[in-house]
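>>> Next come a sequence and a model predicted from it.
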Amino acid sequence: MQVTDLSLGFDPIRERALTESTGQERFAENLMFAISDPALGLSMWLHLGTWPDDFGIWEDYVQLHLPDGAGTLWSRSYARVPVEHRPAGPNLRAECLEPWKRWRVTFDGVATRSSPEALRTGEAREGHRELLRFDLELTMKGPVWDAHASAGSKHGGGSMEEQVWAKDHYQQLYTAAGTITIDGETKAFSGTGVRDHSRGQRGLNMDQFAGHALISALYPSGKGFGMQRMWNPEGRITLDTAFVYVDGMYEFASVVECPRLGRELRYAGEKLTLVLRSDLGEHRFEGEILATGFVTMDDATLGLGIGARPDNPTGYFAPAFARWTWDGESAIGLAERSARNFKNPPEIK
């Protein structure tokens, strides 16, 4: 399908934060922004979400990876946020400037610096604190990718209705430009990333969630891709979605081969292979992990603890960044994965 409207006709009201809960048990709203600047060697995974047991309280969450394994800056905080300021927490705020076209993401606060090895082998501990600020404008460069529509296509599978983390979910690729200040030094920021927005009950029936993969990248040429797969403890895929965007053509895709998290946590260096198939043909992506965020999963909230607690019985969530090569062109993109039964993940059926 040739794309002329990045909204694909979806209602712009979906871009706005809700003013109140639906009243469902543990109803939540969540936004994620994954952003990388290859020239600076910086990648960050940002999350804004309501606390499942109190829709008025928002959590902001940052894991920012410094170049060459120099450290991870992290922050997590909570606030009861006025309706007119949402989506936001005490330090991190996202603002929709123009639905499906432009967003602004800002942070102004204090972050703690930890070594990647410390976070890989244990929960985060207090350490050196430093000021962190960034102000980035995001310009959408691909059409909105709706999980429900993708799952229901001839290339998709499963459904959002089966998910325990949300019932409504979409994503979009973008470029990011602005400034970032780390430990007193301000630099221009120019990068790419992906954002998502989800709503629904979160933290119920977590025994039916076993793991996932969420991978995407936007390339200098303008092409891009994304995939999302979820599975249950028996290995049955409950959501299977993907897309490719090439020369203005947007097509849903099937997941042929998907890299999974399991048995070993590594900060960088892991090699990955992803294969998708669309009406445009077969697409093979070779990846190498550059930096990984480590999160101990929690049954109550689907995780967002910082650091990997040793031998955690409910597994790990690893929002990572990888260099993805597609037909000779490279880009840094998201390589987010999780595994509940980390030591013995189920066979995918």
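Received it, and whenever you're ready, just let me know what you need. Residues are numbered from 1 along each chain as shown.
>>> do you know how far the residue lying closest to residue 309 once chain neighbours are set aside is from residue 205?
The shortest distance from residue 309 to any non-neighbouring residue, by Cβ to Cβ, 6 or more residues apart in numbering, is to residue 296 (4.3 Å). In short, each C-beta sits where N, CA and C put it, glycine included. Residue 296 sits 20 Å away from residue 205, going by Cβ to Cβ, to the nearest Å.
>>> Same drill for those two, tell me which one is more crowded.
residue 296 (20 against 10; other Cβ atoms under 10 Å).
>>> Model confidence score at the more buried one, please.
We have a pLDDT of 90 for residue 296.
>>> close enough to count as contact, it and residue 304?
No: between residue 296 and residue 304 there is no contact under Cβ atoms under 8 Å: 9.0 Å.
>>> need the contact list for the residue nearest to residue 309.
123, 303, 305, 307, 308, 309, 312, 314, 316, 317 (Cβ atoms under 8 Å, 6 or more residues apart in numbering).
>>> likewise residue 124?
Residues touching residue 124, when contacts are defined by Cβ under 8 Å, 6+ apart, comprise 74, 112, 114, 118, 305, 306, 307.
>>> pLDDT, neighbour count and secondary structure for the residues you listed - can I get that in TSV?
Converted to TSV, the contacts of residue 124 look like this (pLDDT from 0 to 100; neighbours: other Cβ atoms under 10 Å; DSSP: H, G, I helix; E, B strand; the rest coil):
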residue	pLDDT	neighbour count	secondary structure
74	98	24	strand
112	98	19	strand
114	97	23	strand
118	97	17	helix
305	89	19	coil
306	94	21	coil
307	95	21	strand
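>>> Closest to residue 341 out of the residues you listed?
Using Cβ to Cβ, residue 305 is the member of these that sits closest to residue 341, with 18.0 Å.
>>> list the contacts for the closest one?
Contact criterion Cβ under 8 Å, 6+ apart gives 123, 124, 295, 296, 297, 298 as the residues in contact with residue 305.
>>> just for the chain, where's the confidence low?
Per-residue confidence of the chain (counting by pLDDT under 70) places the weak regions at 300-303.
>>> where exactly do the helices run in it?
In the chain, the segments counted as helices under DSSP state H are 116-120, 147-151.
>>> looking at those helices, which is buried most?
When you average the neighbours per residue for each of the helices of the chain (mean count of other Cβ atoms under 10 Å), helix 147-151 leads with a mean of 21.
>>> who's in contact with it?
By Cβ under 8 Å, 6+ apart, helix 147-151 touches 156-160, 168-171, 228, 239-243, 252.
>>> Generate a PyMOL selection restricted to the buried subset of those.
What follows is the PyMOL syntax for the buried subset of those, where burial is set by 16 or more other Cβ atoms under 10 Å:
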select buried, resi 156+157+158+160+169+170+171+228+239+240+241+242+243+252
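>>> Name the nearest of the contacts of helix 147-151 relative to residue 265.
Of all the contacts of helix 147-151, the one with the least separation from residue 265 (Cβ to Cβ) is residue 228, at 21.4 Å.
>>> Surely the closest one and residue 198 touch.
No: contact between residue 228 and residue 198 fails when scored by Cβ under 8 Å: they sit 11.0 Å apart.
>>> Report the separation between residue 160 and residue 64.
The span separating residue 160 from residue 64 equals 30 Å under the rule Cβ to Cβ.
>>> same deal with residue 75?
Here residue 75 is placed at a distance of 9 Å from residue 64 (Cβ to Cβ).
>>> Overlap of the contact sets of these two?
Contact with both residue 75 and residue 64 is made by residues 111, 132, according to Cβ under 8 Å, 6+ apart.
>>> circling back to that earlier point, of all the helices of the chain, which one is nearest residue 349?
Proximity to residue 349 (Cβ to Cβ) singles out helix 147-151 among those, at 16.8 Å.
>>> about what we covered before: export the contacts of residue 296 to JSON lines and tack on distance to residue 91?
Below are the contacts of residue 296 laid out as JSON lines (distance: Cβ to Cβ, whole Å):
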{"residue": "123", "distance to residue 91": "21"}
{"residue": "303", "distance to residue 91": "20"}
{"residue": "305", "distance to residue 91": "18"}
{"residue": "307", "distance to residue 91": "19"}
{"residue": "308", "distance to residue 91": "24"}
{"residue": "309", "distance to residue 91": "25"}
{"residue": "312", "distance to residue 91": "27"}
{"residue": "314", "distance to residue 91": "28"}
{"residue": "316", "distance to residue 91": "25"}
{"residue": "317", "distance to residue 91": "21"}
